[in-house]
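In: just to be clear, the model below is a prediction. Sequence and coordinates:
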Amino acid sequence: MAEGFLRHFAGDRFEAASAAAQPTQLNPDTIKVIKERVIDISTHRSKDVAEFWSQRLQYVIRVCEKAKEACPIFPFAVTSLHWSLEDPAAAQGAEAESGCVPSGPGRNRRARP
């Protein structure tokens with residue numbers, strides 16, 4: 001999700017990539033909800049952070065507590081940030097069932113520098 005939002009809103013200024021400590025398949029519900037916001041992430045894939053360990057990166061932004069614990073440092077990152085956002089994949093209840101989760105990067109994207 002984060003990669004899709006950054007590419008959509010700032011793709012002319014940033015080269016975006018996202019990764020996980022334990023990559024899985026993209027959640028079909030996430031693809032659907034993001035597509036409703038006119039952002040197509042259906043061709044994205046879940047990547048392993050190991051693909052990026054040795055790269056020189058201007059920014060590394062971790063977006064959930066699990067990522068903060070599992071990926072504490074990137075040795076060649078110029079700036080490392082942590083934005084504590086709720087994980088929409090962990091949502092439960094009526095909002096999760098309807099696909100309308102009011103948390104995560106979509107809710108917070110305009111509040112960040």
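Out: Thanks, I have it.
In: for the chain, which segments are assigned as strands?
Out: Under the criterion DSSP state E, strands of the chain are mapped to 57-62, 77-82.
In: can you list the ones you listed in TSV and add mean pLDDT, distance to Q25 and mean neighbour count?
Out: Using the backbone N, CA and C atoms, a C-beta is placed for each residue, glycine as well. Shown next, in TSV, are those (pLDDT from 0 to 100; distance: least, C-beta to C-beta, whole Å; neighbours: other C-beta atoms under 10 Å):
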stretch	mean pLDDT	distance to Q25	mean neighbour count
strand 57-62	89	21	16
strand 77-82	88	25	13
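In: where does pLDDT dip in this protein?
Out: Along the chain, the model assigns pLDDT under 70 to residues 72, 87-113.
In: can you tell me which residue is spatially central in it?
Out: A2 (3.0 Å; C-alpha atoms, centre = their mean).
In: between the strands of the chain, which one is closest to E69.
Out: Minimum separation from E69 across the strands of the chain (C-beta to C-beta) falls at strand 57-62, 9.3 Å.
In: starting at the chain centroid, how far to that closest one?
Out: Counting by C-alpha atoms, centre = their mean, to the nearest Å, strand 57-62 is centred 12 Å from the centre of its parent chain.
In: listing partners with orientation, what would you give for it?
Out: Next to strand 57-62 in the sheet, as set by DSSP bridges, lie strand 77-82 (parallel).
In: what sits up against the strand it pairs with?
Out: Here strand 77-82 makes contact (C-beta atoms under 8 Å, 6 or more residues apart in numbering) with 56-63, 68, 73-74.
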